[in-house]
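Chemist: Structure for this input, please:
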Amino acid sequence: MLEIATVRTDADLEDMIRVQALVRPDWQPKLENLRHNLESNPDLSYFVGRLGEEPVACGFVEPWGDFSQGDLAVVPARRRRGIGSALFAEISIRARGFGKIEIQGEVQESDAESRAFFERRGFVQTGGEKAVVLELDGIEPPEVEPPKGVRIVSRAEEPDRLHEMYALAVQADEDIPGSAGRQSYERWRAMDIDRPNCLPELCFMALAEEEVVGYAFLQASGERAFHGLTATRRDWRRKGVATALKRAEIAAAKRAGFKRLLTESEERNEPMRRLNEKLGFVPAPEWSTVVMRGPLA
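Modeler: Sure, this is the predicted structure:
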């Protein structure tokens with residue numbers, strides 16, 4: 001009999017990881033990151049579904065702007081048995097408790113089965129994240145070459161700049177197509193600064209006249225690093241700041257021994273997509289996602 005439980009313990013988190021290993025063998029979350037997410041966000045709920053002792057599904061939900069953000073996954077061998085529907089119903093109950101009537105999540109672009117699951121429930125595509133990859137084995141660390149008057153430093157060197165960085169994250173949230181809007185400082189810090197795989201030596205800031213005018217960060221994941229947000233202050237855009245930050249990240253990833261660097265951009269964010277192409281990134285459709293939003297169950 002299917003039992004869906006709210007995740008409480010490390011054993012529950014480990015069952016989530018087991019499900020994800022079967023759903024996406026190329027990407028498995030780390031226990032310490034999942035634990036950090038739960039401890040730092042009281043509105044976040046993780047779920048695990050089990051048949052007896054066998055973990056067969058997992059998901060999450062949290063409030064995010066005008067809607068809830070969520071996800072669910074069912075191991076391939078256990079699909080088409082109502083497990084996904086039952087988990088979606090549980091997620092919807094929690095989302096409704098936040099006062100939301102819609103939920104948004106990402107589905108792999110190549111996963112037609114999952115897209116159809118949500119389309120049958122009234123979900124529509126609202127955006128997409130196009131993934132690109134840079135193989136690091138065959139390249140030398142690039143020169144950073146910041147624009148005149150700008151210097152690039154790591155967060156390890158300048159640890160007391162968080163509020164300046166957050167101000168740029170707010171601008172990015174307001175300007176990037178498909179963004180759900182402003183995050184609180186606490187939420188931003190928990191996800192982009194304090195998460196265990198967000199290392200200060202892999203986060204770089206651009207300083208002009210001792211003010212932060214841009215920043216970028218990497219998330220470590222085994223042999224891969226994921227390049228997260230690159231944020232540039234509005235009055236410093238199109239002046240080479242983002243290019244210098246990305247070069248600094250590429251060089252740092254290479255020196256740290258990562259094999260490849262992944263990043264993604266909202267499909268309508270043409271300036272960032274062109275920049276990634278200029279820096280040698282190539283499409284990685286197996287990592288691209290579509291953003292879907294629809295009604296609760």
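
Chemist: Verify the contact between residue 6 and residue 44 for me.
Modeler: No. In this structure, residue 6 is not within contact of residue 44 by C-beta atoms under 8 Å, at 10.7 Å. Quick note: C-beta positions are derived from backbone N, CA and C, even for glycine.

Chemist: Now do the lowest-mean-pLDDT helix or strand in the chain: distance to the chain's middle.
Modeler: Here the helix or strand of the chain ranked lowest by mean pLDDT, DSSP states H and E is helix 270-278, holding a mean of 92. Here helix 270-278 shows a centroid-to-chain-centroid distance of 19 Å under the convention C-alpha atoms, centre = their mean, to the nearest Å.

Chemist: Give me the number of neighbouring residues for residue 42.
Modeler: Close neighbours of residue 42, defined as other C-beta atoms under 10 Å, add up to 8.

Chemist: Tell me which helix or strand it sits in.
Modeler: In the assignment (DSSP states H and E), residue 42 maps to no helix and no strand.

Chemist: give the contact list for it.
Modeler: With C-beta atoms under 8 Å, 6 or more residues apart in numbering as the criterion, no residue contacts residue 42.

Chemist: Could you pull up phi and psi at residue 118?
Modeler: Residue 118 adopts backbone torsions of phi -80, psi -30, taken as degrees, to the nearest 10.

Chemist: Now for it: which residues touch it?
Modeler: 105, 107, 292, 294.

Chemist: And the second one, how close does it get to residue 257?
Modeler: When C-beta to C-beta, to the nearest Å is the yardstick, residue 107 and residue 257 sit 32 Å from each other.

Chemist: separation between residue 168 and residue 233?
Modeler: On the measure of C-beta to C-beta, residue 168 and residue 233 end up 6 Å apart.

Chemist: re earlier: tell me which of residue 107 and residue 257 has more neighbours.
Modeler: Neighbour count, other C-beta under 10 Å: between residue 107 and residue 257, residue 107 has more, with 22 against 9.

Chemist: I'd guessed the more buried one sits against residue 116; true?
Modeler: No. Taking contacts as C-beta under 8 Å, residue 107 lies outside contact range of residue 116: 9.8 Å.

Chemist: Point me to the helix or strand that includes the residue nearest to the spatial centre of the chain.
Modeler: With distances taken as C-alpha atoms, centre = their mean, the residue of the chain nearest its centroid is residue 228 (7.1 Å). For residue 228, the host element (DSSP H and E) is strand 224-232.

Chemist: Not counting that strand itself, show me its contacts.
Modeler: The contact list for strand 224-232 (C-beta under 8 Å, 6+ apart) reads 165, 168-169, 171-172, 192, 198, 202, 206, 213-219, 241-242, 245-246, 249, 253, 256, 258-263, 272.

Chemist: ok, back up a step: select, from the contacts of residue 118, the two members most distant in space.
Modeler: 107 and 294 (11.4 Å; C-beta to C-beta).

Chemist: Give the ranges of residues in the chain that sit below the confidence cut-off.
Modeler: Flagging of the chain using pLDDT under 70 yields the residue ranges 180.

Chemist: Perfect, I'm done here.
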